[in-house]
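>>> Next one to model:
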Amino acid sequence: MRLRTELFAGPARRDTLLVLLPPALASIDDFYSQGFVDALRQRKVPVDLLLADTSGQHVLDKTVVEHLHRQVVQPAWDCGYRAIWLAGISLGAFSALHYAAHHADLLAGLYLLSPYPGTGDVLDEIRTAGGAGPWSQLQPAGIEARTDERAWWHWLAQQSAQGTWPTAVYFGTGTNDRFQRGQALISDLLPPERVCRLPGMHQWATWKTLWEDWLDHGPIRSPPR
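Residues are numbered from 1 along each chain as shown. Model prediction:
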């Protein structure tokens, strides 16, 4: 996994680390070319940024949790960061959710940009049950150990049922996103004030607008002067 760290306050490390995970068929280089890094730098958001080149192969191999833990999150804790956020686009958001299902206690929160909601068979299970909440009640004990998306759907549904959200989850997507039916099953589980829908499709232009909106109004924004 290729990594790159950006420190926005000189050599001094911040208390918070924001980890960005790319969509499928993209890389961390796209976060530069699409203006994501510049948007964070211009706003002087009080975080350090780490770009992690997770890929579809990590998901297919079912190693994404292991790689994120061993190469990203645990080393960040060892370096002294006090809060770690995962922000992912599409398949990157899928990977962030999967990591949270196994290690939520190590995360301050997630930002899901146009998340890929998973395969059709799992989504059909959830719809047939009447939503992720009822679906999660039908699942056997130990489902959180599963290696497919059922693990994170169960985790997300349980967090929603408890209503306390020790690991905060924020969600943003375009109103014409091609995965919006499955995404609606995710957003229905979240507090409404943490859900953002803006005009756009499943593409970089929409993701950039959602990213800027979250930087301006979300939990890691710079304090007012």
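>>> Could you list the low-confidence segments of this protein?
Across the chain, the ranges flagged by pLDDT under 70 are 1-2, 6-12, 55-56, 60, 223-225.
>>> any idea where the strands of it begin and end?
3-6, 16-21, 48-52, 83-89, 109-113, 168-174, 195-198 (DSSP state E).
>>> got the ones you listed as TSV, with distance to W204 columns?
Using the backbone N, CA and C atoms, a C-beta is placed for each residue, glycine as well. Below are the strands of the chain laid out as TSV (distance: least, C-beta to C-beta, whole Å):
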stretch	distance to W204
strand 3-6	19
strand 16-21	13
strand 48-52	15
strand 83-89	9
strand 109-113	10
strand 168-174	11
strand 195-198	14
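>>> Can you tell me which of those strands is most buried?
Most buried of these by mean neighbour count (mean count of other C-beta atoms under 10 Å) is strand 109-113; its value is a mean of 26.
>>> Just want the angle from that strand to strand 168-174.
Angle of strand 109-113 versus strand 168-174, following axes from the mean of the first three to the mean of the last three C-alpha atoms, to 10 degrees, is 10 degrees.
>>> Can you name every helix or strand that strand 109-113 contacts?
strand 83-89, helix 91-103, strand 168-174, helix 204-217 (3 or more C-beta pairs under 8 Å, 6 or more residues apart in numbering; DSSP states H and E).
>>> Reformat those as a markdown table; add distance to H69.
Output for the helices and strands packed on strand 109-113, formatted as a markdown table (distance: least, C-beta to C-beta, whole Å):
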| stretch | distance to H69 |
| --- | --- |
| strand 83-89 | 11 |
| helix 91-103 | 6 |
| strand 168-174 | 19 |
| helix 204-217 | 24 |
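>>> Compare these and give me the one nearest A24.
helix 91-103 (4.3 Å; C-beta to C-beta).
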